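Peer 1: Sharing a model that was predicted from the sequence below.
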Amino acid sequence: MPLSTVLAGLLTGLALIAAVGAQNAFLLRQGLRREHVAPLVSLCALSDIVLVGAAVLGVGAMAQTWPGFLTVARFGGAAFVIGYGLLAAWRALHPGETLVAGGATTRGLGRSLATMAALTWLNPHLYLDMVVLGTIATSHGPDRWWYYLGLCVASVSWFSALGFGSARLQPFFARPRSWQLLDATIAVVMVTIGMGLILGG
């Protein structure tokens, strides 16, 4: 096994996904609430595994041959992200939620998965990343699938740590003010990302 190639894929993957964004923010919030964490972590990781696999196979070139694809994804993703940011802003202005370990679930599994799927698959930056990863993987020649393995390990490791590890912050989020701060931060991040997409970022 070319360990250096696997390590390169691991580090590249972490550099791309370990950033504050709509997907990570939503997973963090659900992890803090302990709501459907395992299914959401699985969805995030499997989405990366499938999309990166497609990129390694060369499907990522579609974004280069059909520029309209990124335009549709950009504005669709911007609308969804801004909408989610406004919802977070509303929660920040109406504090009152506290974290109760093992408390009742307030968001259905289907709704949570649908939201996460939209935040993941409507993110145009994701497809731009796929083009980059596909190009880098191809440069490794016959070892490209070892590079892909490193990317998969990075994805599974990051989303698992974010989803399941966030529960350690429960004491801090036992106060409504903490949730207000989190939602305000999420709102700023979401709206900023959305506006950046609209403006062509």
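Peer 2: Yep, it's here. Note that the coordinates shown come from a computational prediction; the quantities given were computed from them, not determined experimentally. Numbering: from 1, shown residues only.
Peer 1: tell me the contacts of residue 193?
Peer 2: 21-22, 78, 81, 85 (CB atoms under 8 Å, 6 or more residues apart in numbering). For every residue, glycine as well, the C-beta is placed using N, CA and C.
Peer 1: Which secondary structure element of this protein has the lowest mean pLDDT?
Peer 2: Using mean pLDDT, DSSP states H and E, helix 62-65 stands out as the lowest-scoring helix or strand of the chain, at a mean of 64.
Peer 1: what's the following helix or strand after it?
Peer 2: helix 67-93 (DSSP states H and E).
Peer 1: relative to helix 67-93, how tilted is the following helix or strand past that following helix?
Peer 2: Downstream of helix 67-93, the first helix or strand assigned by DSSP H and E is helix 109-121. Per axes from the mean of the first three to the mean of the last three CA atoms, to 10 degrees, the angle that helix 109-121 makes with helix 67-93 is 130 degrees.
Peer 1: same question for helix 109-121, mean pLDDT?
Peer 2: Per-residue pLDDT values across helix 109-121 average out to 91.
Peer 1: again with stretch 155-170
Peer 2: The average pLDDT for stretch 155-170 rounds to 88.
Peer 1: Tell me the buried residues in it?
Peer 2: Residues 155-160, 162-163, 166 are the ones in stretch 155-170 that count as buried (16 or more other CB atoms under 10 Å).
Peer 1: Please name the nearest non-neighbouring residue to the spatially most central residue of the chain.
Peer 2: Nearest to the geometric centre of the chain sits residue 23, at 3.0 Å (CA atoms, centre = their mean). With CB to CB, 6 or more residues apart in numbering as the criterion, residue 23 has its nearest non-adjacent residue at 4.7 Å, and that residue is residue 119.
Peer 1: Kindly provide the whole-number mean pLDDT of the host helix or strand of the residue nearest to the centre of the chain.
Peer 2: If you go by DSSP H and E, residue 23 is part of helix 22-33. If you average the pLDDT over helix 22-33, you get 86.
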